[in-house]
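Student: sequence plus the predicted model coming up.
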Amino acid sequence: MTRMMVVWCPDWPVAAAGLIEGVSVHEPVAVLAANRVVACSPAARVEGVRRGLRKREAQSRCPRLVVLEHDEARDARAFEPVVAAVEELAPGVEVVRPGACALAARGPSRYFGSEAAAAERIVEHIAQACVVEAQIGVADGVFAAGLAARTGRLVEPGGTPAFLDGIDIAALDRPELVDLLRRLGVGTLGGFAALPAADVLGRFGLDAALAHRLAAGRDERPLAARRPPPDLDVGQTFDEPLDRVDAAAFAARQLAERLHERLAGHGLACTRLGIAAVTEHGAELYRTWRHDGLLTAAGIADRVRWQLDGWLARNRAACRSGYQPALVSERRPGAIVRLRLYPDGVVEYAGFQLRLWGDAGEERDRAHRALTRVQGMLGPDAVVTAALVGGRDPGDRIRLVPWGDERPEPAREPWPGQLHEPAPASVPREPLPVDVFDETGAPLGVTARLAVTGTPAGLVFAGPPGRRAAAVVEQITGWAGPWPVDERWWAPDEVSRRVRFQVCLADGRALLLTLESGLWSATGVYD
């Protein structure tokens, strides 16, 4: 096994916001994605804010919390100077993700005298050059070194399996696989590593087999590793140099699709990506991104876009600081005139058994490429998929996510005030206005103490005012409720108070009704 060193910057989304947007990282700050905290500052943790909390709960624990939306492009752009600083002391740096990079430990440890001395020197240099806090972990393999970096630990040679044994299975960062393993009774990396490798590959697929190797501390020799054929790299020369992020993003998507299709034609998938660029000043730039799983076309495009954004941002910063075009250096690389992608690490990827949670194979890849092309023609929001998230009403629990974007994690526990099962079979795009009456024909209401003013007996789907008298009254044969919701009571402009009812009609239909501000509406239909 190769001794690897991982440089990890704690709370990187918060640190990146501080570097790019000038947010004070010494104040309570939280970065949110899909309405959940993905990173927070130490000051926020002192107030009780934790990863995974919903925005409302985080703000209730810390009312002065500064909330920012997660921006992966911002994270990658801010991390580029950190990678450049590490390269000044040790070559061969690979970006694992924004906030973490890896390099072989042998060279720096021999140059500085030991692994501990090398780690201390690199951390000190990052702090001086970038004003960023960093921690370093060393172990046998990148995956274990990344986990060791969370505590600044140097795992002794040969001790990686013992180090990984008791770590929670969630460290694999594969939500679907982790959820499945938990339901099968496997809760630690050691328990997963104890499963037979052949059974994991045959039952769960290649990505799970790669994760199995990570859990056992064997990530440096992936299954079916191959040297990529010489004609797999793809490149493009631009008549107009790329100096804008939107143009770079479009070029990244096109090249990513070409590389993915070329790899698929050889039955391969990419695990490590090399990105090379030549600028208008003749500077040659190169960066390697590695991934513990298999890079899809969207994953390749994201990493290329992040890297180009980082290079272009460094160029803009150098221009503002007064560097002259004649001073060709990495401090001012210039606009990009040529771009090339290299599949630096590939594995066999063909003919696998269906996974427990869905299909895998050529059909799925073709569908992905087709939808990506539609997005390229019509825009990223033209193709969306539904994701189940947290919420109290059925309409709040469905979020439309653009194809290829990161899907929000489902709610881990029921929301307070959430309607009980069963959920409505359909939810109208806009609530349908209705009038609800009691047994005397008077409009039905609910008091401040949640007492119903009568027994629901009938309803009318409200139409234009002149036609309401001719509307058909639907008889209510059964009902349940009310279930109240009092949201954002602390913000007068955003407060929402409503009650929900479930009713059955004489013709067998069942509806979810909502009363808000004295107005009734149908917000769900049950089968």
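Tutor: Sure thing, it's come through.
Student: how about the host helix or strand of V178: buried residues?
Tutor: V178 belongs to helix 175-183 when elements are defined using DSSP states H and E. If you call a residue buried by 16 or more other C-beta atoms under 10 Å, then helix 175-183 has these buried ones: 177-178, 180-181. From N, CA and C alone the C-beta is placed, and that goes for glycine too.
Student: what is that helix packed up against?
Tutor: On a contact count with 3 or more C-beta pairs under 8 Å, 6 or more residues apart in numbering; DSSP states H and E, helix 175-183 meets helix 206-215.
Student: circling back: pull the most distant pair out of the buried residues of helix 175-183.
Tutor: Between any two of those, the greatest separation by C-beta to C-beta is 7.3 Å, found for V178 and L180.
Student: chain center to stretch 267-278, what's the gap?
Tutor: Between the mean C-alpha point of stretch 267-278 and the mean C-alpha point of its chain there is a distance of 21 Å (C-alpha atoms, centre = their mean, to the nearest Å).
Student: all helices of the stretch 351-500 of the chain, in order?
Tutor: Applying DSSP state H, counting those that start in this stretch to the stretch 351-500 of the chain gives helices spanning 362-378.
Student: quick one: low-confidence parts of it?
Tutor: Low-confidence regions of the stretch 351-500 of the chain, defined by pLDDT under 70, span residues 351-366, 368-369, 376, 379-380, 404-407, 409-413, 463-471.
Student: then the stretch 101-250 of the chain?
Tutor: In the stretch 101-250 of the chain the weaker segments, taking pLDDT under 70 as the threshold, are 219-231.
Student: mind listing the helices for it?
Tutor: 106-112, 115-130, 142-149, 160-165, 175-183, 189-193, 197-204, 206-215, 245-265.
Student: in TSV, list the ones you listed along with distance to A425.
Tutor: Conversion of the helices of the stretch 101-250 of the chain to TSV gives the following (distance: least, C-beta to C-beta, whole Å):
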stretch	distance to A425
helix 106-112	60
helix 115-130	54
helix 142-149	43
helix 160-165	45
helix 175-183	25
helix 189-193	38
helix 197-204	32
helix 206-215	33
helix 245-265	37
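Student: nearest to A43, of the ones you listed?
Tutor: Set against A43 and scored by C-beta to C-beta, these come closest in helix 115-130, at 19.5 Å.
Student: got a list of contacts for the closest one?
Tutor: With contacts defined as C-beta atoms under 8 Å, 6 or more residues apart in numbering, helix 115-130 is touched by 3, 5, 7, 81-82, 85-86, 88-90, 105, 108-109, 111-112, 132-136, 138, 154.
Student: how about it, which residues are buried there?
Tutor: Using 16+ other C-beta under 10 Å, the residues of helix 115-130 that count as buried are 115, 118-119, 121-123, 125-126, 130.
Student: ok, stretch 394-401 next?
Tutor: For stretch 394-401, the buried set under the neighbour-count rule, 16+ other C-beta under 10 Å, comprises 394-395, 397, 399, 401.
Student: ok, so of the residues you listed, who is nearest V278?
Tutor: The closest of the buried residues of stretch 394-401, once distances to V278 are taken by C-beta to C-beta, is V401, at 35.7 Å.
Student: excluding chain neighbours, what is closest to that closest one?
Tutor: If the residues on either side of it in the chain are set aside, V401 comes closest to A387, at 4.9 Å by C-beta to C-beta, 6 or more residues apart in numbering.
Student: beta partners of the one you found?
Tutor: Each beta-bridge partner of A387 is listed here, defined by DSSP bridges: R399.
Student: if I look at it, how far off is A194?
Tutor: For A387, the distance to A194 under the criterion C-beta to C-beta, to the nearest Å works out to 33 Å.
Student: ok, these two, which is more surrounded?
Tutor: Each of A387 and A194 had its neighbours counted (other C-beta atoms under 10 Å), and the higher figure belongs to A387 (17 against 13).
Student: before we move on, back to that, the helices of the stretch 101-250 of the chain: which one's closest to V485?
Tutor: Closest to V485 of the helices of the stretch 101-250 of the chain is helix 175-183 (C-beta to C-beta; 28.6 Å).
Student: okay, the angle between that closest one and helix 197-204?
Tutor: The directions of helix 175-183 and helix 197-204 differ by 110 degrees, with axes from the mean of the first three to the mean of the last three C-alpha atoms, to 10 degrees as the criterion.
Student: send me helix 175-183 as CSV with only the CA atoms.
Tutor: The C-alpha coordinates for helix 175-183 follow below in CSV (Å, rounded to 0.1, in the frame of the first residue of the first chain):
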residue,chain,number,x,y,z
PRO,A,175,-26.3,7.5,1.0
GLU,A,176,-28.1,4.8,-1.0
LEU,A,177,-25.5,2.1,-0.2
VAL,A,178,-25.2,3.2,3.4
ASP,A,179,-29.0,3.1,3.9
LEU,A,180,-29.2,-0.4,2.4
LEU,A,181,-26.3,-1.7,4.5
ARG,A,182,-27.8,-0.3,7.7
ARG,A,183,-31.0,-2.1,7.0
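Student: out of the buried residues of helix 115-130, who's nearest P433?
Tutor: The shortest distance between P433 and any of those, using C-beta to C-beta, involves C130 and amounts to 57.2 Å.
Student: which among the contacts of helix 115-130 end up buried?
Tutor: In those, the ones that pass as buried (16+ other C-beta under 10 Å) are 3, 5, 7, 81-82, 85-86, 89-90, 105, 108-109, 112, 132, 134-136, 138, 154.
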